[in-house]
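**Q** Next one to model:
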Amino acid sequence: MAYVRQCGCIQFDPIDICGKNAELVLHARVKGFTKQMLWELLYRERRLVDYPDKNMAIFPVEDWPSFERFRQAAREGGSRFEGLDELLDKAREHIRTNGPANGDELPIDGKFWWKSSVHWSNGKNAARAALEQMYSTGEMIIHHKEGSRKSYDFAYRHIPAHILNAPDPMPIEEDHLKWRIRRRIGAVGLMWNRPSDTWLNIWGLTAEQRTCAFESLEAEGSICSLEVEGIRGKLYHLCEDEALLQQVLSGEKLKSRCEVIAPLDCLMWDRKLIKALFGFEYSWEIYTPEARRKYGYYVLPLLWGDRFIGRVEPVRDKGSGTLKIKNLWLEDGVKKTKQIQSALEACLKRLAALNGLENVSWQNPSGL
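**A** Numbers count the residues shown, from 1 in each chain. Below is the predicted model of the structure:
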């Protein structure tokens, strides 16, 4: 919870090759993390919630009131579509009587044809359309997931009333933008004021608004600026992280460890920044046609100590109980020392354990 509060939100992605994105993010940072821990925080303890932030995301439930403007926009958008209210009433009645449900369990057939593309494309499954609309408005939350299938239930049954009914703490748009920008800076750790995927889903954010937010946050003593040799312009961090920055700059000897980094990890949100700071160029090639891929379908960066040393392509094989390593690519200038080899082997064993596997095997034995 301390880490999630530090980063604000963890981006969610359902693809599971060797753990979902959110699981890999936490695995790299929380010693002893298991997938069950995240499941319990989301669906049993309800200390975390699934809801859009940086695209689909997971964030602390106490931040729920700060996204009221997005739920209100969904209510206003849904009111424009004829026939939607009837679908919502059917879904409510079923869930009120029978408990949490997914789209296949609702007694709603056919498709719902929208008159515009405000929310979904024409011809969306009517049951799922109803559930997703109530999820967008905050009437429903995701009760649990089985694989990629989501079941929904009334939010009031699971979110405490003092959180669910709290007013928007930042009704002024400028304050809301500053809050979200500050969260994103804290998530990445060190950020510049440039166009970036880091700002995704901050609606209507212009370059001028972003600059005004940076300037205001710095004037308030909320973010601090610094210069990095070889990089044009300032970079910014949360002022509360100053002690950590000074610890790093002091040259204190820190024990290096090797970790796989999730493709949508907050550290990787601005890949131009990563290239500028670390000289490491990364592209998630999952949506790249196979013939055009340089590396592979689901390739993860490898961080060792304070540098990216390469990338690895691991695949979970439940049948054999093995984490199969399809390939390993070390960066130019990285030598396969015994220290790196030992750290990498320990890293991959931990990744195997995260996925409930006992063994690690190399598809290309010479890779290591």
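
**Q** so what's E62 up against?
**A** I163 (CB atoms under 8 Å, 6 or more residues apart in numbering). C-beta coordinates here come from the backbone N, C-alpha and C atoms, glycine included.

**Q** That one and E313, how far apart?
**A** Using CB to CB, to the nearest Å, E62 is found at 38 Å from E313.

**Q** same thing with L238?
**A** 34 Å.

**Q** so is L303 in a helix, a strand, or just coil?
**A** strand (DSSP: H, G, I helix; E, B strand; the rest coil).

**Q** Kindly report the same for I309.
**A** Going by three-state DSSP: I309 is strand.

**Q** cool, and the one 3 residues further on?
**A** The three-state label given to V312 by three-state DSSP is strand.

**Q** so it makes contact with I325?
**A** Yes: the criterion here is CB atoms under 8 Å, and V312 meets it with I325 at 6.3 Å.

**Q** any residues in contact with both of those two?
**A** L348.

**Q** Name the residues of stretch 173-180 that come out as buried.
**A** 176-180 (16 or more other CB atoms under 10 Å).

**Q** Quick check: K275 touching E281?
**A** Yes: counting by CB under 8 Å, E281 is a contact partner of K275 at 5.1 Å.

**Q** pLDDT value on F70, please?
**A** Looking at F70, its pLDDT is 94.

**Q** any chance you could read off phi and psi for it?
**A** phi -80, psi -40 (degrees, to the nearest 10).

**Q** Helices along the stretch 1-150 of the chain, start to end?
**A** 2-7, 21-27, 35-43, 68-78, 84-98, 126-136 (DSSP state H, counting those that start in this stretch).

**Q** now for those helices, which one comes closest to W203?
**A** Nearest to W203 among the helices of the stretch 1-150 of the chain is helix 68-78; the distance by CB to CB comes to 7.8 Å.

**Q** CA-only coordinates of the closest one in CSV, if you can.
**A** Presented in CSV, the C-alpha positions along helix 68-78 are these (Å, rounded to 0.1, in the frame of the first residue of the first chain):
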residue,chain,number,x,y,z
GLU,A,68,-15.9,12.4,-9.5
ARG,A,69,-15.7,14.6,-12.6
PHE,A,70,-15.1,11.5,-14.8
ARG,A,71,-18.1,9.7,-13.3
GLN,A,72,-20.2,12.8,-13.9
ALA,A,73,-19.1,13.0,-17.5
ALA,A,74,-20.2,9.3,-17.9
ARG,A,75,-23.6,10.1,-16.4
GLU,A,76,-24.1,13.0,-18.8
GLY,A,77,-22.9,11.0,-21.8
GLY,A,78,-25.2,8.1,-21.1
